[in-house]
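>>> Got a predicted structure plus its sequence, pasted below:
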Amino acid sequence: MTTRDIYINTMKLQLDELNEKMNQLESRAQEAREDVRDKYKAEMRKLQQQSKLAVAQLDELKATGETTWDAMVAEMEKVRDAFIHSFSYFKSQI
């Protein structure tokens, strides 16, 4: 397995784990008071959009050639870090 394959698999695993944690939080949000639940739903929509962006970026990374690999890795890490940051902030608000 190449370094590229390892990186892609690691990134996919991280995104899958974040999505699973996000699903768990969404379940908890369903149990919250109605006024709080609306806020959770709005934040969850934002997180889901970031998740979709991260998955799309990963798909683009898989298809990229060697000449643009480094730039795509840097962009992928920015997207992932933003997703992690948003998730952590959301989790801290619960």
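Arrived safely, thanks for sending. Because the structure is a prediction, the values reported are computed rather than measured.
>>> nearest spatial neighbour of the spatially most central residue of the chain, skipping sequence neighbours?
The chain has S51 as the residue nearest its centroid, 3.9 Å off, counting by CA atoms, centre = their mean. What sits nearest to S51 in space, not counting adjacent residues and going by CB to CB, 6 or more residues apart in numbering, is N19, at 5.6 Å. C-beta: built from backbone N, CA, C; applies to glycine.
>>> Can you give me the neighbour number for E77?
13 (other CB atoms under 10 Å).
>>> what secondary structure does it sit in?
The three-state assignment at E77 reads helix, by DSSP: H, G, I helix; E, B strand; the rest coil.
>>> now it: how far from S86?
Distance of E77 to S86, given as CB to CB, to the nearest Å: 15 Å.
>>> swap in K78?
K78 sits 13 Å away from S86, going by CB to CB.
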